[in-house]
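Colleague: Model the structure of this input:
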Amino acid sequence: QSQLVESGGGFVQPGGSLRLSCVASGFSMAFYNVGWFRQGPGKEREAVACHGYWDGTTYYGEPVKGRFTISRDTAENTVYLEMNNLTAEDTAVYSCAADALMTAVCYPQGGSQYSGQGTQVTVSS
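Modeller: Numbers count the residues shown, from 1 in each chain. Down below sits the predicted model:
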């Protein structure tokens, strides 16, 4: 069974950092574009970051530019999201996605072939 499983979420104070992981099983992410989405309480789904497998192109949503970094470890079949200088506005359920098309992992409309269940990130003092 092919799936994505996120981990690394939790509770953190403003200004803190977290690293989220997304492990794929049943398929190799080496040949898929990958991305992270989030949905905060009462908010619409938002594209956070995405990474192209072909040339390594990365895109970030405006609210996270300069603070978040997406990366992947092909050997571990894992995608990471390093989050720094977190604020309360970053509180959300974060989920990862993988697809052959960049548009499916870079835009909130999604529709990716693979997507995880998400991990909760709460930023509060």
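Colleague: So the residue nearest to the spatial centre of the chain: helix, strand or coil?
Modeller: With distances taken as Cα atoms, centre = their mean, W36 lies nearest the centre of the chain, 2.3 Å away. Following DSSP: H, G, I helix; E, B strand; the rest coil, the label given to W36 is strand.
Colleague: mean confidence for stretch 50-70?
Modeller: Mean pLDDT, stretch 50-70: 96.
Colleague: Stretch 15-23 too?
Modeller: Averaging pLDDT along stretch 15-23 gives 98.
Colleague: Show me which positions of that stretch end up buried.
Modeller: Across stretch 15-23, burial judged by 16 or more other Cβ atoms under 10 Å covers 18, 20-23. Just so you know, the C-beta spots here come from the backbone N, C-alpha and C atoms, and that holds for glycine as well.
Colleague: what's near enough to touch the closest residue to W36 other than its chain neighbours?
Modeller: The shortest distance from W36 to any non-neighbouring residue, by Cβ to Cβ, 6 or more residues apart in numbering, is to V48 (4.3 Å). Taking Cβ atoms under 8 Å, 6 or more residues apart in numbering as the contact definition, V48 lies against 35-38, 60-61, 64, 68, 70, 81, 94.
Colleague: Now do stretch 80-92: distance to the chain's middle.
Modeller: Stretch 80-92 sits 11 Å away from the centroid of its parent chain (Cα atoms, centre = their mean, to the nearest Å).
Colleague: Same check on stretch 104-123?
Modeller: Relative to the mean C-alpha coordinate of its chain, stretch 104-123 is positioned 7 Å out (Cα atoms, centre = their mean).
Colleague: Please, where are all the strands along the chain?
Modeller: In the chain, the strands defined using DSSP state E lie at 3-7, 10-12, 18-25, 33-39, 46-51, 58-60, 68-73, 78-83, 92-99, 114-115, 119-123.
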